[in-house]
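K.L.:
Dropping a prediction and its sequence here:
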Amino acid sequence: EVELVESGGGLVQTGGSLRLSCLASGLTFDDEVNIAWFRQAPGRDREAISHISGRDGSTWSADSVKGRFTISSDKAKNTAYLQMTNLKPEDTAVYYCNAANVASRYWGRGTQVTVSS
């Protein structure tokens, strides 16, 4: 059974930083697995904010987080990360890890990030 477990969320002040982690079990973060971070704020749709390719490590970030958030992965630890800096109140949301290969897409249960003004 595949399980993704996010951690690292919490309450932080505007301008602060957090690093989210996504640890996978039952799934190897190899060249065939692409990883993404999504977030969902209250009353809003879930949105993709960052993505990393398993094959070549290329990344993409949404305009709303570009220059502030950095996605990375450590295949040896089977863990993905989202380094978040200069956090803003509008970053408040539940953050989800997503891993996908040609066969399936998997979701974690999410971790809450709250940014106080």
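P.N.:
Looks like it arrived, so ask away.

K.L.:
so what's residue 25 bridging to?
P.N.:
With DSSP bridges applied, the residues forming beta bridges to residue 25 are residue 3.

K.L.:
so it touches residue 2, yeah?
P.N.:
Yes. Under the contact definition of C-beta atoms under 8 Å, residue 25 touches residue 2, with a separation of 7.2 Å. Any C-beta I mention is one placed from the backbone N, CA and C, and that applies to glycine too.

K.L.:
Give the intersection of the neighbour lists for those two.
P.N.:
When contacts are counted by C-beta atoms under 8 Å, 6 or more residues apart in numbering, residue 25 and residue 2 have no shared neighbour.

K.L.:
how about the strands of this structure, start to end?
P.N.:
Counting by DSSP state E, the chain forms strands over residues 3-7, 10-13, 18-25, 34-40, 47-52, 59-61, 69-74, 79-84, 93-100, 105-107, 111-116, given from the N-terminal end onward.
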